[in-house]
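Asks: Okay, predicted coordinates and the sequence, questions at the end:
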Amino acid sequence: MAQDRRRRGADRSRRANVPLVAFDFDGTLTVRDSFTAFLRWRVGTRRYLAGLIRLLPAGLRYLVDHDRGRIKARAMREYLTGMTREELEAEARRFADHAAAGFFRPDALAAWRRWRAEGARLVIVSASPDAIVAPFAEKLGADALLATRMAYDADGKLKDAFATPNCRGLEKVVRLKAAFGPEVTLKAAYGDTAGDREMLRMAEIRGYKVFRGKP
């Protein structure tokens, strides 16, 4: 047992010495928002636009409370009601297969690959729902994905609420510390909105709106 503890301690020490690099997803690695792109792909343009009309009251409320988590939950209710976890994850994989070729910024991918070649651990930290981002994270070979977690009921059906706070702003720091320890530091971080600034402050190298390439 003592040997096992020493081995675990050595493993933790090695991981601590490996640089950690965090990437925002939507707008940073990608050219557009993955959640809205998925919804539009799934239901079609006409149904999507009709839903936006029904979401207008939620949009007006957002202008007052700026609660992004609330309006995303309302969009889930509008477009994804009744889906099971298995159905949602299967459709998210199909969407990733369909969209990936035209989704990523080439200069962002170059930075991702450069850090990978240097041996860094690469984590995606995104406000988008985890089920939507996960297939893309898998394609990229991300070491971890921290995103807004979808919630499911006892029958495995999607709830119109999230299991975690919207992974934006300070919540990105909270999730990084929960995943990698309270003393976590970032070798580099990349983002493109005000919701990434707290994460960027954790990093030695801070890349704000540095990727502009298009597929």
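Replies: Now that the structure is in, tell me what you want to look at.
Asks: what residue ranges in the protein score low on pLDDT?
Replies: 1-16, 59, 62, 64-67, 69 (pLDDT under 70).
Asks: State the distance from the residue nearest the centre of the chain to Ala117.
Replies: Nearest to the geometric centre of the chain sits Ser126, at 2.6 Å (Cα atoms, centre = their mean). Distance check for Ser126 against Ala117: by Cβ to Cβ, to the nearest Å, it reads 23 Å. Every residue, glycine included, has its C-beta placed from N, CA and C.
Asks: in the chain, which spans are strands?
Replies: For the chain, strands defined by DSSP state E occupy the ranges 20-23, 121-129, 144-148, 150-152, 158-162, 186-191, 203-208.
Asks: Columns distance to Arg40 on top of the ones you listed, output as TSV?
Replies: Below are the strands of the chain laid out as TSV (distance: least, Cβ to Cβ, whole Å):
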stretch	distance to Arg40
strand 20-23	24
strand 121-129	14
strand 144-148	19
strand 150-152	18
strand 158-162	18
strand 186-191	24
strand 203-208	28
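Asks: about what we covered before: distance of the residue nearest to the residue nearest to the centre of the chain when sequence neighbours are not counted relative to Tyr190?
Replies: Sequence neighbours aside, Phe25 is the residue nearest to Ser126 in space, at 3.8 Å (criterion: Cβ to Cβ, 6 or more residues apart in numbering). In this view, Phe25 and Tyr190 are 10 Å apart by Cβ to Cβ.
Asks: Same check on Pro215?
Replies: Counting by Cβ to Cβ - Pro215 and Tyr190 are separated by 18 Å.
Asks: Tell me which of these two has more neighbours.
Replies: Tyr190 (27 against 12; other Cβ atoms under 10 Å).
Asks: contacting residues for the more buried one?
Replies: 21-24, 28-29, 108, 111, 196, 207-208, 210-211 (Cβ atoms under 8 Å, 6 or more residues apart in numbering).
Asks: Look up how far Glu138 lies from it.
Replies: 19 Å.
Asks: that older thread, might you report the residue contacts of the residue nearest to the centre of the chain?
Replies: 24-26, 34, 133, 145-148, 167.
Asks: Which of these sits closest to Glu183?
Replies: Using Cβ to Cβ, Leu146 comes nearest to Glu183 of the contacts of Ser126, at 17.0 Å.
Asks: give me the beta-bridge partners of the closest one?
Replies: Val125 (DSSP bridges).
Asks: Same list (the contacts of Tyr190) but as TSV, adding neighbour count and distance to Phe162.
Replies: Below are the contacts of Tyr190 laid out as TSV (neighbours: other Cβ atoms under 10 Å; distance: Cβ to Cβ, whole Å):
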residue	neighbour count	distance to Phe162
Val21	24	26
Ala22	28	21
Phe23	26	21
Asp24	29	18
Thr28	26	21
Leu29	26	21
Ala108	24	26
Ala111	21	29
Asp196	26	19
Gly207	21	27
Tyr208	15	26
Val210	15	29
Phe211	25	27
